[in-house]
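Participant: The following comprises the amino acid sequence and a computationally predicted model.
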Amino acid sequence: MPAFTALVTPFDSRFRVDEPALVRLLAWHEANGMDGVVIAGTNGEGPSLSGAEKRDLFQLACSSAGRLRIVAGLGTCALSEATWLARRAAEAGAEMLLVQAPFYFRSASERGLEGFFEAVLAESDIPALLYNHPMTGFTLSPEMLSRLAEKHSSFAGVKDSSGDFELFLRYRQALPGKVVLVGDERLLLRSLQEGGDGTISGLANSVPHLISRQVRERSDALQQLIDDAVERLKRYPQPAVHKCVLNSLGLPGGTLRPPLEPLDGASTDDVSRFLAGFAAPPTA
């Protein structure tokens, strides 16, 4: 059962990718038991990264991964860029792609959306997970995913961040033999008990030790800790809150690239108080 972190992208004070910081974060997630990371995903501020920056991040992550499995995020509305990035990810040595809907084109029909995914899958030399996220304005229907699974051997499965457990179960039923990962950590234990394959977790940026243990232990006590962390941390914007946690732990979370902003002083103090009384992960 894989546990992947939807990894933040650390930026320096001039909003440039901080490559040494990224390498350090990879080592920290490996030490905390994570199986892999998503590079340039939602929490990685993927839409704020240029295609060239994503390519370079894929190369850096793959060369610095240790035992971590690298998933390359293709969060772009441009089909030509998505297929180009799919090829660059494969060349870098990524294990898998994570492909979300082209979020700008919210008037697109399901047929048009399916065409976008088909074009990416046809160009992909490595397996691809499709990403169901309400932020894109689309819900990926189980029927569409089933059709894509029948047509394309590169279709590996789906990450579902809808928070709708009934939809998760429909994905599980529609995609036998494919990977179904949950994105809402509050559903992690239930999803594992119902045949889910693990998680790609934004919360794992802050508490990777809890997420990595839960996919193996399936513990009610661990789920309560995860729920507590979700309730307290996700009241603030992501990935700002996770960068705040990392910086508070002495790790290089870095800053955010505009238009996103760091947490204000009061919010940072609240996060620090929470961490002081919580089972924070080791920082070594």
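Facilitator: Received it, and whenever you're ready, just let me know what you need.
Participant: Now residue 167: closest residue in space that isn't a chain neighbour?
Facilitator: residue 160 (6.5 Å; C-beta to C-beta, 6 or more residues apart in numbering). Backbone N, C-alpha and C define where each C-beta goes, glycine included.
Participant: now the strands for the stretch 151-284 of the chain?
Facilitator: For the stretch 151-284 of the chain, the strands defined by DSSP state E, counting those that start in this stretch cover 155-160, 179-182, 199-201.
Participant: Need the contact partners of the last one.
Facilitator: Just to be clear, that refers to strand 199-201. 2-6, 38, 41, 71, 98, 159, 181-183, 185, 188, 191, 211, 215 (C-beta atoms under 8 Å, 6 or more residues apart in numbering).
Participant: now residue 118, what's its secondary structure?
Facilitator: Per DSSP: H, G, I helix; E, B strand; the rest coil, the secondary structure class of residue 118 is helix.
Participant: Report how many residues lie close to it.
Facilitator: 15 (other C-beta atoms under 10 Å).
Participant: what do you get for the one 4 residues further on?
Facilitator: For residue 122, the count of nearby residues is 12 (other C-beta under 10 Å).
Participant: Now it: which helix or strand?
Facilitator: helix 110-123 (DSSP states H and E).
Participant: Between strand 155-160 and that helix, find me the angle.
Facilitator: 130 degrees (axes from the mean of the first three to the mean of the last three C-alpha atoms, to 10 degrees).
Participant: Tell me which residues of the helix or strand of the chain with the lowest mean pLDDT come out buried.
Facilitator: Least confident element among the helices and strands of the chain, by mean pLDDT, DSSP states H and E: helix 265-276 (a mean of 92). Going by neighbour count (16 or more other C-beta atoms under 10 Å), the buried part of helix 265-276 is 267, 268, 270, 271, 274, 275.
Participant: do you know how far the fifth one is from residue 128?
Facilitator: Residue 274 is 36 Å from residue 128, where distance means C-beta to C-beta, to the nearest Å.
Participant: show me where the chain has helices.
Facilitator: For the chain, the helices defined by DSSP state H cover 19-31, 51-63, 79-92, 110-123, 142-151, 165-174, 188-193, 208-217, 220-233, 240-248, 265-276.
Participant: Return the distance of the shortest one from the chain's centre.
Facilitator: Centre-to-centre, helix 188-193 and its host chain are 18 Å apart (C-alpha atoms, centre = their mean, to the nearest Å).
Participant: now swap in the first one and tell me
Facilitator: How far helix 19-31 lies from its chain's middle: 16 Å, per C-alpha atoms, centre = their mean.
Participant: again with the fourth one
Facilitator: Centroid separation between helix 110-123 and its chain, computed with C-alpha atoms, centre = their mean, is 21 Å.
Participant: which residues touch it?
Facilitator: Helix 110-123 is contacted from outside by 74, 79, 82-83, 86-87, 97, 99, 101-102, 105, 108, 128, 130, 138, 140-141, 144, 147-148, 151-152, 154-155, using C-beta under 8 Å, 6+ apart.
Participant: Which among those residues count as buried?
Facilitator: The buried subset of the contacts of helix 110-123 - by 16+ other C-beta under 10 Å - is 74, 82-83, 86, 97, 99, 101-102, 108, 128, 130, 138, 140-141, 144, 147-148, 152, 154-155.
Participant: so who does residue 169 touch?
Facilitator: residue 194.
Participant: What spatial separation is found between it and residue 2?
Facilitator: Taking C-beta to C-beta, one finds residue 169 at 20 Å from residue 2.
Participant: how close does residue 219 get to residue 213?
Facilitator: 7 Å.
Participant: Adding distance to residue 201, write the helices of the chain out as JSON lines.
Facilitator: JSON lines is the format used below for these (distance: least, C-beta to C-beta, whole Å):
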{"stretch": "helix 19-31", "distance to residue 201": "11"}
{"stretch": "helix 51-63", "distance to residue 201": "17"}
{"stretch": "helix 79-92", "distance to residue 201": "21"}
{"stretch": "helix 110-123", "distance to residue 201": "23"}
{"stretch": "helix 142-151", "distance to residue 201": "21"}
{"stretch": "helix 165-174", "distance to residue 201": "15"}
{"stretch": "helix 188-193", "distance to residue 201": "8"}
{"stretch": "helix 208-217", "distance to residue 201": "5"}
{"stretch": "helix 220-233", "distance to residue 201": "9"}
{"stretch": "helix 240-248", "distance to residue 201": "11"}
{"stretch": "helix 265-276", "distance to residue 201": "18"}
